[in-house]
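A.B. asks: from the sequence below, what's the structure:
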Amino acid sequence: MLFVHLSNLHFYASHGFYEEEKVMGASFEVNVRVGFQPNKFPILHLTETIDYSAVYELVKKVMQHAQPLLETVAGTMAVQIFEQFSLAEQVHIHIVKLNPPILEFMGESGVSLDVKRDEIRN
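C.D. replies: Residues are numbered from 1 along each chain as shown. Here you go, the predicted model:
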């Protein structure tokens, strides 16, 4: 299995359950890993792999549409990756809200999703 990684992607978005999160927005960090089994080695052409610039554009687009739950955001990303990239066999997504609105909370909160193509249910 070969993995394409996008790490430490930073976005400002309005994802959140609480009204102040929707209004004020927050900083997020997204990490994505897409796994596939290459048909041959070495890989010599972009058509033989997952185009990480196209994955980035997909992630950026999903991050621009506010959702109340990060679980929804991660699931949407995974479904769209599988729809757009027929080579993709598994996806790992990790989304961190860098400054969650929790009184006296020092740290980060987030979600992670590990899913294989045959595990996606709509």
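A.B. asks: give me the distance between Leu69 and Val96.
C.D. replies: According to Cβ to Cβ, to the nearest Å, Leu69 and Val96 sit 14 Å apart. Every C-beta, even on glycine, is put in place using the N, C-alpha and C of the backbone.
A.B. asks: which one's more surrounded, the two?
C.D. replies: Neighbour count, other Cβ atoms under 10 Å: between Leu69 and Val96, Val96 has more, with 19 against 12.
A.B. asks: residues touching the more buried one, list them.
C.D. replies: By Cβ atoms under 8 Å, 6 or more residues apart in numbering, the contact set of Val96 is 28-30, 108-110.
A.B. asks: okay, these in CSV with distance to Val79 and pLDDT next?
C.D. replies: Output for the contacts of Val96, formatted as CSV (distance: Cβ to Cβ, whole Å; pLDDT from 0 to 100):
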residue, distance to Val79, pLDDT
Phe28, 19, 96
Glu29, 21, 97
Val30, 16, 98
Glu108, 25, 80
Ser109, 23, 89
Gly110, 19, 94
